[in-house]
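Peer 1: sequence plus predicted model, see below.
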Amino acid sequence: MPGGRLTQQERQQIALGLADGLAYAEIARRLDRPTSTVTREVMRNGGPTAYRADLAHRATERRAHRRRKAAAREQQVPAQAHGRDAAAVREYEETLTTVMMQSGMPKMMARVLACLTLTDAGCLTASELAQRLQVSPASVSKAIAFLESQGLVRRERDERRRERYLVDDDVWYQSMMASARALVQLVGITRQGVGILGPGTPAATRLENVARFLDFVAESTARAAEQARDILHTRPATASDGHPAAATPSDGTGASGRSAHGA
């Protein structure tokens, strides 16, 4: 009994058998294949009424191509420092990317930011990003341009004059401040509508309430981000025995002291 993947000719025979009203078992007998092989082939490619040999063959080739790319990615996963589980890190990177996308960030930009964030150095070259993410350099360049415009990454040149992209310690502070600025802009547009709809009218009152709410949220977000900013600059301390100790703020004060006494 032959093994391996179905050939295009075999798929054409399956399509002819279905057109003639043959049962899966009879088609399989003529192909000298297990009935389960024919059943699975038909059901994953449209069912008995919609099965087409050419479309099924192309779909199978696409699936095989995706599997090869996935295998290549597995082989190219860089070694993990500090005894980390490479599979766990990769799975977490996908989770972090998804959360960023749910907050409104485009997919490629989220992938690049997550990849940079999870490196100990916090920086990679364009070629390193392209290799890790299995994307084109052009995709990386476009993502970096967007992230730069949002103040989420910056670029610098190393000793070999290569351009490196860095995720700044202030990345989340910059993100919060960008959100606050966007809210302030929305407040202005909302209050513009109040004048157009006529102060005191139900629609204008609704807009004014929205503007007051967003104004409060924007101000609170900016204030909280300023008060907590030092937390982002905390550095891990090392105990005398060489093991990690409690982290300490880089400036020796920390955000907690600032927030307790006000900004």
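Peer 2: Perfect, I can see it now.

Peer 1: rounded mean pLDDT for stretch 83-100, please.
Peer 2: Per-region confidence: stretch 83-100 scores 86 on mean pLDDT.

Peer 1: what helix or strand is the most centrally placed residue in the chain on?
Peer 2: By C-alpha atoms, centre = their mean, the chain has its centre lying nearest to Thr97, at 2.7 Å. Assessed by DSSP states H and E, Thr97 sits inside helix 86-102.

Peer 1: elements contacting that helix?
Peer 2: helix 107-117 (3 or more C-beta pairs under 8 Å, 6 or more residues apart in numbering; DSSP states H and E). Where C-beta positions appear, they are placed from N, C-alpha and C, glycine not excepted.

Peer 1: packing partners of the helix it packs on?
Peer 2: Helix 107-117 sits against helix 86-102, strand 123-125, helix 126-133, helix 137-149, strand 153-157, strand 163-167, with contacts defined as 3+ C-beta pairs under 8 Å, 6+ apart.

Peer 1: make CSV out of those and add distance to Ala114.
Peer 2: Below are these laid out as CSV (distance: least, C-beta to C-beta, whole Å):
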stretch, distance to Ala114
helix 86-102, 4
strand 123-125, 12
helix 126-133, 10
helix 137-149, 11
strand 153-157, 12
strand 163-167, 9
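
Peer 1: with respect to Gly47, which of the ones you listed lies nearest?
Peer 2: Closest approach to Gly47 among these (C-beta to C-beta): helix 86-102, 31.7 Å.

Peer 1: tell me the buried residues in the closest one?
Peer 2: 90, 93, 96-97, 100-101 (16 or more other C-beta atoms under 10 Å).

Peer 1: same question for stretch 194-205.
Peer 2: 194, 197, 204.

Peer 1: so what's the second one up against?
Peer 2: Read that as Leu197. For Leu197, the contact set (C-beta atoms under 8 Å, 6 or more residues apart in numbering) comprises 203-204, 207.

Peer 1: can you tell me how far it is from Arg33?
Peer 2: Distance of Leu197 to Arg33, computed by C-beta to C-beta, to the nearest Å: 70 Å.

Peer 1: isn't there a helix covering Ala121?
Peer 2: No. Secondary structure of Ala121 (DSSP: H, G, I helix; E, B strand; the rest coil): coil, not part of a helix.

Peer 1: when you give positions from now on, start the count at 670
Peer 2: I'll keep to 670 as the first residue from here, and by that count the last item is Ala790.

Peer 1: phi, psi of it?
Peer 2: When read as degrees, to the nearest 10, the backbone of Ala790 gives phi -80, psi -20.

Peer 1: related to what we said a few turns ago, just want the angle from the helix holding Thr766 to helix 795-802.
Peer 2: Between helix 755-771 and helix 795-802, the angle comes out at 100 degrees (axes from the mean of the first three to the mean of the last three C-alpha atoms, to 10 degrees).

Peer 1: and this protein, what are its domain boundaries?
Peer 2: 677-743, 751-837, 841-930 (automatic domain parsing).

Peer 1: mean pLDDT for these: which is lowest?
Peer 2: The weakest mean pLDDT among the domains of the chain belongs to domain 841-930, with a mean of 79.

Peer 1: hmm, back to that, and which of the contacts of Leu866 is nearest to Val856?
Peer 2: Proximity of the contacts of Leu866 to Val856 (C-beta to C-beta) peaks at Leu876, which lies at 10.3 Å.
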